[in-house]
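> Give the three-dimensional model of this entry:
(chains A and B)
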Amino acid sequence: MKKLFFFIPVIFLIIATTFTKNSTKQLDKKIFETRENLRVLQDRYELVMLEYNYLTSPKKLMEYQKKYFDNELQEADIESFNWIEYENENIKIKKVVNNNE
Amino acid sequence: MNEINKRKIHSNEYSSGFSYIENKSNLKISFERIAFIFFIFFIIAIIFSSKVILLSLDEKIFTNKILKKKNFRSSIVDKEGNILAKTVPIINIGINPNLVIDKEKLLITLKLLFPKKNFKKQMYDKKFFYVQKKISQEKLDKILLLGDKSFIQEEKIARIYPNGELFSHVLGQIDNDNNGISGLEKTFDYELTTSRNPLKLTLDTDLQYLIREELLRSKNIFNNIGSAAILMDIHTGDILSMVSLPDFDLNKREKINDLKFINRATKGVYEFGSVFKTFTIAAGINYDVVQPETEFKELKKKIVCAGNAISEYDDKIPSDLTAEEILIRSGNIGSARIAEKIGIDNYNKFLQTIGILTNINFDIEEVGETQMGRWGKCRLLTIGFGHGIATTLLQLTKGYSIVSNGGFEVSPTLIKRNKYKISKRILNEEVSKKLNPILRKIVSTKEGTAGFANVNGYEIGGKTGTADIAATGGYSKKKINTFAAVFPASKPKFVLVIMLDEPKANKEFVYHYRDGRSPYKGNWRNTAGWTTVWVTGEIIEKIGPILATKY
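Numbering: from 1, shown residues only, chains lettered A, B, ... in the order given. Next comes the predicted model:
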């Protein structure tokens, strides 16, 4: 009887471990595949970002401005800009730059 | 028969002595053995499990064991996540002529693929040669379709800098073996080659571009040999822009040995002159030796110390001035007198506290060290108005941050942090309260020397500095013109320090005053007020809207 009480849990644990290990192996495989896919996508994303950053770099934007919008774009006065803030359902308007010294 | 019986009897007696009796104690021993073995395995399992847990908790042990990857280098991005440096895999393709079966046929095919190239000579040599470096995927596919075994592919990496020269001094360069050799590429070489996460900087590409453009424009106006600018968050120490001119295109991968390409923002050590007067007043307030309203009467126009004359740059400066007026009018003699009142020990301690006399711990290795001779009575007087001490623009920026931000410790950095620690107050709270309004007056009043920086809406405060460049046995006529701006002066957030190296007065340049006076042409004065301050005004006008809306 003592033997039985000792061996039944051991056998149960061995079987349980086998099933767990098998299922984690499948999970590991899926995780690995997902990670690899993510890595490839990340690499592709970074390359697209590189291209985007190059084409929208300040230098390029200034070039486009001269090339396509010469005399069309006008500089806006920063003092004409305001911040709109919501405070307890009330709207507050604040100057972006404060000129009252 | 008797003998037989006797034997039988004997035999019976013998066999009875060996009869099998089940010994229950044997089973008990084997159970103990199993339990013992189980116990040993249990202990081993605990040891291994605890080691696994420990390893997973301590990331450093794990990451330190990762070897540097040869063909890998993480990206460097600005504070908005824009890529400043990225490594892309490239393929170089070459031919080993010894493996070519039909050279004539291959030459015809190559002519079709690369019409502008001629490989005839190399094909009949026995040495390996490159057909195309950094080949496009399209052409590579066409070559691979030929199925010729003589083609050899070489996988390499190339570092791309989409902004060219914009961040050259900060980012630095790498060599052909993927080792960082200067700038952040060198300092963070290990992190960049082992971690997949990009290195995030505090720099802002838009601000960097605008500041660099204005510095380039100033070169055309004032014909300076170089210039530098640092824009920093006064509280966190985050550097938003760091420019040093001349710079170089990182994509060209040239060897930079010429001294003119020195990083003037961090490595170049200069006597900055009058910008130090701010520190003199600040030290006086910090040690309660002077107050802005403290009067200095009968200030001489010239004093002599150890045979060297100290004089005012402008004889029109009145003889009776308060400490505040001394700073606004940039008086040399008055500043020397304040320094005298502070004393060597206090002034030395103050300059150490704000990081002028201590080595700065920065993110790139190209950092200069402050140079000054021994402290003495005359040295104290000259340092009082910014001569006899040479330091870096970075340390000057740090010093201005501390005296203007309420006296809190600041460590300039280029690396974006996730958490910011609460800084320790290292100066008297009164220093910034009393100093910032004076800095504002230098820009906003007629007596001040920095009217060209009075850009509407930004409350610029600051101090000018015009210093002669030291030459053998004295000083030359060449100048270092500096302006340290702090804004908005009522509640400072940013410090912008601009330096022009050897500017010249431009008599043809038309100055437009910011107070509405009619334009002026024919300037002959080669001082910071007529050069660097004007550039600073132009820069703040451009970057101001970004700072006001984004930060």
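
> switch to C-alpha atoms for all contacts and neighbour counts from now on
OK.

> so where is chain A shaky, pLDDT-wise?
Low-confidence segments of chain A (pLDDT under 70): A:98-101.

> Identify the residue nearest the geometric centre of it.
Closest residue to the average C-alpha location of chain A: residue A:42 at 10.6 Å, with C-alpha atoms, centre = their mean.

> Three-state assignment for that one, please.
Three-state call for residue A:42 (DSSP: H, G, I helix; E, B strand; the rest coil): helix.

> Any figure for the gap between it and chain B?
Note on residue A:42: its distance to chain B, by C-alpha to the nearest C-alpha, to the nearest Å, is 11 Å.

> helix/strand/coil for the closest residue to chain A within chain B?
Using C-alpha to the nearest C-alpha, the single residue of chain B nearest to chain A is residue B:457, 4.4 Å away. Under three-state DSSP, residue B:457 falls in the coil class.

> Would you mind giving both backbone torsions of it?
Main-chain dihedrals, residue B:457, degrees, to the nearest 10: phi 100, psi -10.

> near chain A, which residues of chain B?
Contacts of chain B with chain A, taken as C-alpha under 8 Å from any C-alpha of the partner chain, map to B:82-83, B:86, B:162-163, B:205-206, B:209, B:456-459, B:545, B:548-549.

> Let's see that with 7 Å instead.
Residues of chain B lying close to chain A by C-alpha under 7 Å from any C-alpha of the partner chain are B:82-83, B:162-163, B:206, B:209, B:456-458, B:545, B:548-549.

> which one of those has the most neighbours?
Using other C-alpha atoms under 10 Å in any protein chain shown as the neighbour criterion, residue B:83 leads the residues of chain B next to chain A with 28 neighbours.

> Now that residue: phi and psi?
phi -70, psi 130.

> ok, what's across the strand from the closest residue to it other than its chain neighbours?
With C-alpha to C-alpha, 6 or more residues apart in numbering or on different chains as the criterion, residue B:83 has its nearest non-adjacent residue at 4.4 Å, and that residue is residue B:77. Counting by DSSP bridges, residue B:77 is bridged to residue B:83, residue B:200.

> could you pull out the strands for chain A?
Counting by DSSP state E, chain A has strands at residues A:82-87, A:90-95.

> how about those strands in TSV, adding distance to chain B and mean neighbour count?
Formatted as TSV, the strands of chain A follow (distance: least, C-alpha to the nearest C-alpha, whole Å; neighbours: other C-alpha atoms under 10 Å in any protein chain shown):
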stretch	distance to chain B	mean neighbour count
strand A:82-87	9	11
strand A:90-95	10	11
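
> Surely the residue of chain B closest to chain A touches residue A:81?
No: applying C-alpha atoms under 7 Å, one finds residue B:457 not in contact with residue A:81, separated by 11.7 Å.

> Flag every residue of chain A that's near chain B.
Contact residues, chain A versus chain B (C-alpha under 7 Å from any C-alpha): A:50, A:53-54, A:57-58, A:78, A:96-99.

> Narrow the residues you listed to those in helices?
Among these, the members falling in helices (DSSP state H) are A:50, A:53-54, A:58.

> For these, pick the one with the most neighbours.
Within those, most neighbours by other C-alpha under 10 Å means residue A:50, with 22 neighbours.

> Return the residues in contact with that residue.
residue B:83 (C-alpha atoms under 7 Å, 6 or more residues apart in numbering or on different chains).

> Just give the closest residue to residue B:204, not the sequence neighbours.
Spatially, and ignoring its direct neighbours in sequence, residue B:204 is nearest to residue B:240 (5.4 Å; C-alpha to C-alpha, 6+ apart).

> burial count for residue B:256?
Neighbourhood size, residue B:256 [other C-alpha under 10 Å]: 12.

> about what we covered before: residue B:434: which of the ones in helices among the residues of chain A next to chain B is nearest?
residue A:58 (39.2 Å; C-alpha to C-alpha).

> Identify the residues contacting the closest one.
By C-alpha under 7 Å, 6+ apart, residue A:58 lies in contact with B:206, B:209.

> what comes up buried for stretch B:252-260?
Residues of stretch B:252-260 include none that count as buried (16 or more other C-alpha atoms under 10 Å in any protein chain shown).

> again with stretch B:145-156
By neighbour count on 16+ other C-alpha under 10 Å, the buried set for stretch B:145-156 is B:150-151, B:156.

> what's near enough to touch the residue nearest to residue A:83 when sequence neighbours are not counted?
Spatial nearest neighbour of residue A:83, excluding adjacent residues (C-alpha to C-alpha, 6+ apart): residue A:94 at 5.0 Å. Contacts for residue A:94 (C-alpha under 7 Å, 6+ apart) come out as A:82-84.

> would you list every one of the helices in the stretch 1-150 of chain B?
Per DSSP state H, counting those that start in this stretch, the stretch 1-150 of chain B carries helices over the ranges B:2-17, B:25-57, B:59-64, B:103-113, B:120-123, B:137-146.

> what's the average pLDDT for the third one?
On average, the pLDDT along helix B:59-64 is 51.

> The fifth one now?
For helix B:120-123, the mean per-residue pLDDT is 88.

> Please enumerate residues in contact with that helix?
For helix B:120-123, the surrounding residues in contact (C-alpha under 7 Å, 6+ apart) are B:97, B:107, B:129.

> can you pull the buried residues of it?
Residues B:122-123 are the ones in helix B:120-123 that count as buried (16+ other C-alpha under 10 Å).

> Could you check how far it is from the centre of its chain?
Centroid displacement of helix B:120-123 relative to its chain, using C-alpha atoms, centre = their mean, to the nearest Å, is 48 Å.

> For residue B:411, give me its contacts.
Residues near residue B:411 by C-alpha under 7 Å, 6+ apart: residue B:237.

> what about it, is that helix, strand or coil?
coil.

> Let's have the residues of chain B next to chain A in CSV, adding pLDDT.
Listed next are the residues of chain B next to chain A as CSV, based on pLDDT from 0 to 100:
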residue, pLDDT
B:82, 93
B:83, 94
B:162, 92
B:163, 93
B:206, 95
B:209, 97
B:456, 87
B:457, 86
B:458, 90
B:545, 89
B:548, 88
B:549, 86
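
> Mind putting those into CSV with distance to residue B:185?
CSV is the format used below for the residues of chain B next to chain A (distance: C-alpha to C-alpha, whole Å):
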residue, distance to residue B:185
B:82, 17
B:83, 14
B:162, 16
B:163, 16
B:206, 22
B:209, 21
B:456, 40
B:457, 39
B:458, 36
B:545, 32
B:548, 32
B:549, 31
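
> who touches stretch B:166-175?
Residues from elsewhere that reach stretch B:166-175, judged by C-alpha under 7 Å, 6+ apart: B:180-185, B:209, B:244, B:247-250, B:263.

> Can I get the buried ones among these as something I can paste into PyMOL?
Burial among the contacts of stretch B:166-175 is assessed by 16+ other C-alpha under 10 Å; the matching PyMOL selection reads:
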select buried, chain B and resi 180+182+183+184+185+209+244+247+248+250+263
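
> Just the contacts of stretch B:166-175: which are in helices?
Among the contacts of stretch B:166-175, the ones falling in helices (DSSP H) are B:183-185, B:209.
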